[in-house]
Every structure is written in structure tokens, then in C-alpha cells.
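Visitor: Predicted structure and sequence below. I'll ask about it afterward.
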Amino acid sequence: MKATRDAFGDQLVYSGETNKSIVALSADLGKATKINKFADAYPDRFFEIGIAENNMIGIASGLSEHGYKVFLASFASFLTGKYDAIRCSLSYSNSPCVLVGTHAGLAIGKDGVTQMGLEDISLMRSLPDMCVINPSTYNQTKAFVKYLCENDLDCVNYLRLGRQPVAEFYDDHVQFEFGNGIVYRHTDNPDAVVYSTGCVLSDVLNATEDMNITVIDMPFIKPIDKEIILNNKSELIITVEDHSIIGGLGSAVSEVITDHGLNSRLCRIGVNDTFPESGSPADLYAKYGLNSASIKERILREMDKQRN
């Protein structure tokens with residue numbers, strides 16, 4: 001088991017060997033975000049800005065304007081909390097930078113709510129032309145970072161990563177279409193379709209292992225894959241995310257449901273409208289309904305409601 005943040009650091013070093021236009025910026029958290037791996041390999045293309053995220057965003061904008069492919073990293077809560085700087089310096093000018101927010105969600109554990117990125121997806125997907133990516137495993141993250149390094153980008157990308165090690169269920173050469181969801185487990189005439197994103201997907205797969213449920217991995221929150229939602233219809237749709245239920249995957253899926261008039265009931269599983277407590281990742285997932293047992297219990301309850 002490896003963390004998605006480790007995949008980011010590993011692949012950035014690998015891609016940086018051949019792509020000399022890649023530069024990396026850090027706001028005093030390089031060891032935690034794993035961008036320090038790039039710093040160790042290519043110190044002349046790494047810039048430690050210190051605890052000054054607004055400055056880092058401005059510097060990233062300038063480097064991008066001069067043709068550099070810029071990756072800038074901090075904790076998700078700190079980075080996306082600089083919303084105005086991102087909006088004015090990057091999004092407004094459509095700078096093709098990659099914002100990397102690590103330590104997202106409840107599973108950072110005892111660092112507490114000030115460190116938890118729980119509103120970051122909501123903030124970033126509200127910005128025009130922003131691409132929001134939330135991979136679920138080490139191998140999937142490596143594939144996405146490789147894509148971001150090797151392709152010309154036409155907008156700002158926000159890459160959301162976790163602290164905790166997660167199970168691997170994609171192979172070393174995972175295939176994907178940028179912007180598309182992935183039907184990970186398909187059943188005919190499912191009792192429900194579950195959409196999940198990020199590191200909590202492994203808990204969803206464990207929870208639904210013996211159930212007549214289709215499970216879809218949604219690593220791209222924006223643009224949302226409308227076709228996969230429209231093509232996997234069910235009377236009961238459930239979203240699961242380690243994020244606030246306000247503005248995240250559940251909200252994005254609900255917009256597709258309402259815009260296209262689907263006759264489906266939506267249940268959103270995530271962090272309800274609250275600031276969570278501090279605790280171990282396992283205790284927090286249990287308390288806020290995101291471990292496998294809690295997810296299974298909630299899905300069964302929603303399926304009973306649907307039948308009645």
C-alpha cells in the first residue's frame with residue numbers, strides 16, 4: 001500500500017529527467033507533499049517559497065507565462081484557501097499550472113481540522129475552466145501526473161492527493177481517457193449505482209463487494225463525465241467522497257441528474273455540514289461514516305428506503 005502523494009513525487013522526478021521545462025514550487029511542506037523528491041533530483045528547478053502561499057501562486061503565474069510547466073504543492077487546505085490569489089493570478093489568465101493539494105480529507109488524522117482539505121473540491125471546481133482531479137490509487141496518480149507532465153495544458157489543473165497509504169487496484173500501466181470516469185465494477189440491473197472519488201474508493205469497493213451494485217470511479221470532478229452518469233441509470237444513485245457533501249462529487253452528480261431530468265434519487269455520503277474533530281484516520285472514518293462498515297450500512301439503509 002502506498003499513498004497517492006508518493007506517486008506524485010515519484011512520477012514528477014521521472015518525468016523531470018526528460019522534460020526540462022518542469023519546475024516545482026513548495027510552501028515549506030516539501031517533505032510532506034513529496035515534492036522534495038524533485039528538489040533533491042533537480043535543485044536548479046526547485047524553488048522553496050516558504051510559508052507564503054500567495055507569493056508562490058504569483059511566482060507560478062510568472063513562470064508559466066515564460067513557458068515553464070509549473071507544479072506547486074502544499075496541503076490542500078492551505079493551498080485552496082488562497083482562493084483569491086488562485087482566481088486572479090492563475091484562473092483568470094488561464095495559466096496552465098498544476099496545483100497539488102495533499103493531505104486532503106479526514107484521513108490526515110490527528111493534525112486536526114485546520115489541516116484537513118474538506119472544501120477544496122468545492123472551491124476549485126467553482127472557478128471557470130479549472131480541471132479538478134482526485135485519483136484513488138498510487139498507480140492511477142502516477143498515470144495522471146505523467147499525463148500532466150507530457151501534454152500541453154490549456155487550463156489550471158488541481159490535483160487532490162491523500163496522506164494515507166491506500167490499496168492498489170489498478171495495474172502499473174493503467175489506461176484512462178482524460179476527463180472520463182471508470183466503471184470499476186459493473187452489474188446488470190443494479191440495485192444502486194455508486195460513484196466515488198479519491199482514496200475512499202477502496203472503502204467503497206470493500207463495502208459493496210457482495211452487493212448487486214455498480215461502482216464507478218470518478219477521478220475527474222471537473223469536467224464531470226456526464227455520459228457515464230447518463231449511461232448508468234438507476235433509481236438509486238449514491239455518491240461517496242472524503243470531502244464535504246456541499247460542492248463536491250455529490251453536488252456535481254446532482255447537477256447532471258437535474259439538468260438531464262433523470263428519475264433517480266440521490267444519496268450523498270461524505271462529511272456533513274460540520275468541522276470534524278481530531279483523531280486517528282480509522283476513528284474519524286468510523287465516526288463520520290466513511291469506513292467500509294459504515295458505507296455498507298448506509299447503502300443497505302438507502303436500498304431499503306427505495307424498496308419501500
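Guide: Looks like it arrived, so ask away.

Visitor: Spatially nearest residue to residue 128, not counting backbone neighbours?
Guide: residue 91 (6.4 Å; CB to CB, 6 or more residues apart in numbering). For every residue, glycine as well, the C-beta is placed using N, CA and C.

Visitor: wouldn't the one you found be in contact with residue 130 here?
Guide: Yes: using CB atoms under 8 Å, residue 91 is in contact with residue 130, at 6.0 Å.

Visitor: check contacts around the residue nearest the centre of the chain.
Guide: In the chain, the centroid-proximal residue (CA atoms, centre = their mean) is residue 134; its distance is 2.0 Å. Listed by CB atoms under 8 Å, 6 or more residues apart in numbering, the contact partners of residue 134 are 104, 121, 160, 197-198, 218-221, 249.

Visitor: check contacts around residue 166.
Guide: Going by CB under 8 Å, 6+ apart, residue 166 touches 1-4, 136-138, 199, 202.

Visitor: Of those, which is the nearest to residue 244?
Guide: Nearest to residue 244 out of the contacts of residue 166 is residue 199 (CB to CB; 15.6 Å).

Visitor: quick one on the thing from earlier: shared neighbours, residue 91 and residue 130?
Guide: residue 156.

Visitor: tell me the pLDDT at residue 175?
Guide: pLDDT recorded at residue 175 is 86.

Visitor: picking that back up, any idea how far the residue nearest to residue 128 is from residue 45?
Guide: Distance from residue 91 to residue 45, counting by CB to CB, to the nearest Å: 24 Å.

Visitor: neighbour-wise, which of the two wins?
Guide: For residue 91 versus residue 45, the count of surrounding residues by other CB atoms under 10 Å is larger for residue 91: 21 against 15.

Visitor: wait, what's in contact with that one?
Guide: Contacts of residue 91 were listed using CB under 8 Å, 6+ apart, and they are 127-130, 156.

Visitor: any idea of the pLDDT on the nearest residue to residue 272 once chain neighbours are set aside?
Guide: In space, and not counting its chain neighbours, residue 272 is closest to residue 245: 6.1 Å by CB to CB, 6+ apart. Reported pLDDT at residue 245 in the predicted model: 97.

Visitor: Residue 245 touches residue 267, doesn't it?
Guide: No: with contacts counted by CB under 8 Å, residue 245 stays clear of residue 267, the gap being 9.9 Å.

Visitor: who touches both of those two?
Guide: Joint contacts of residue 245 and residue 267 (CB under 8 Å, 6+ apart) do not exist.

Visitor: gap between the strand of greatest length in the chain and the chain center?
Guide: Longest strand in the chain by number of residues (criterion: DSSP state E): strand 236-244. Relative to its chain's centre, strand 236-244 lies at 13 Å (CA atoms, centre = their mean, to the nearest Å).

Visitor: Stretch 236-246 too?
Guide: That offset, for stretch 236-246, works out to 13 Å (CA atoms, centre = their mean).

Visitor: buried sites along it?
Guide: Neighbour counts over stretch 236-246 (16 or more other CB atoms under 10 Å) mark 236-246 as buried.

Visitor: what's the answer for stretch 217-224, then?
Guide: 217-222, 224.

Visitor: Please enumerate the strands of the protein.
Guide: 22-26, 46-48, 69-75, 98-102, 131-133, 157-160, 182-185, 192-196, 213-217, 220-222, 236-244, 265-271.

Visitor: Name the strands paired with the fifth one and say parallel or antiparallel.
Guide: Strand partners for strand 131-133, identified by DSSP bridges, are recorded as strand 157-160 (parallel), strand 220-222 (antiparallel).

Visitor: of those, which approaches residue 307 most closely?
Guide: strand 220-222 (30.5 Å).

Visitor: what's that closest one in contact with?
Guide: With CB under 8 Å, 6+ apart, strand 220-222 has contacts from 121, 124-125, 130-134, 178-181, 197, 248-249, 252.

Visitor: buried subset of these?
Guide: Buried, going by 16+ other CB under 10 Å: 121, 124-125, 130-134, 181, 197, 248-249, 252, out of the contacts of strand 220-222.

Visitor: ok, residue 70 - contacts?
Guide: With CB under 8 Å, 6+ apart, residue 70 has these contacts: 23-25, 60, 63-64, 95, 97-98.

Visitor: so residue 267 makes contact with residue 234?
Guide: No: in this structure residue 267 lies outside contact range of residue 234 using CB under 8 Å: 11.3 Å.

Visitor: roughly how far is the lengthiest helix in the chain from the heart of the chain?
Guide: When the chain is parsed with DSSP state H, its longest helix is helix 292-307. Here helix 292-307 is found 24 Å from its chain centre; the criterion is CA atoms, centre = their mean.

Visitor: Now do that helix against strand 265-271: the angle between them, please.
Guide: 160 degrees (axes from the mean of the first three to the mean of the last three CA atoms, to 10 degrees).

Visitor: which other helices and strands contact helix 292-307?
Guide: strand 192-196, helix 201-207, strand 236-244, strand 265-271, helix 281-287 (3 or more CB pairs under 8 Å, 6 or more residues apart in numbering; DSSP states H and E).
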